[in-house]
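Undergrad: Curious how this folds, go ahead:
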Amino acid sequence: MKKILFGLLITASALMAELQQVWATPQFADKNIKIIDIRTPAEWKETGIVKGSYTIMFFNEQGDFSVESFLRQLNMLVKKDEQFALICRVGSRTGMVAEFLSDKLNYKVINLKGGIMKMIHEGYKTVPYNQ
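TA: Residues are numbered from 1 along each chain as shown. Reported below is the predicted structural model:
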């Protein structure tokens, strides 16, 4: 009986999590979904950011990270059951972070594959990062 209840609990928690893989396109920026840009400040300054997006660095320039710091900032912007998107330069960092947030912490995450570079390549005009 305990095994059955444990199995149901695991299944239920897996159903609450949601990870979508979506190509980063200029049209996605027009949707009413919060976009969290996890790149570094130097990258934000270099390319600009998606208009209306939120900047929360995950990995620093040396590849170090603080899950605690990231989650503290993320939870000030999104609710646990609110769907949001992650973007980085080309989608490799967001692939890892989105999977972690979805699978381990049950967030509803959209990974924007191809990242900001794909959007820019398709004609998206970023806005300057001013901080």
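Undergrad: Mind jotting down where the strands sit in this structure?
TA: Counting by DSSP state E, the chain has strands at residues 18-23, 34-37, 54-55, 83-87, 108-113.
Undergrad: Mind checking those strands for the one nearest to residue 126?
TA: strand 34-37 (10.0 Å; C-beta to C-beta). To be clear about C-beta, it is placed using only N, CA and C from the backbone, and glycine gets the same treatment.
Undergrad: Spatially nearest residue to the most centrally placed residue in the chain (excluding sequence neighbours)?
TA: Geometric centre of the chain, nearest residue: residue 86, 2.0 Å, by C-alpha atoms, centre = their mean. In this structure, residue 86 finds its nearest non-sequential neighbour in residue 94, 4.1 Å apart by C-beta to C-beta, 6 or more residues apart in numbering.
Undergrad: cool, and residue 124?
TA: Closest residue to residue 124 apart from its sequence neighbours, by C-beta to C-beta, 6+ apart: residue 26 at 4.0 Å.
Undergrad: can you give me the helices for this structure?
TA: 2-16, 41-47, 67-77, 92-105, 115-121 (DSSP state H).
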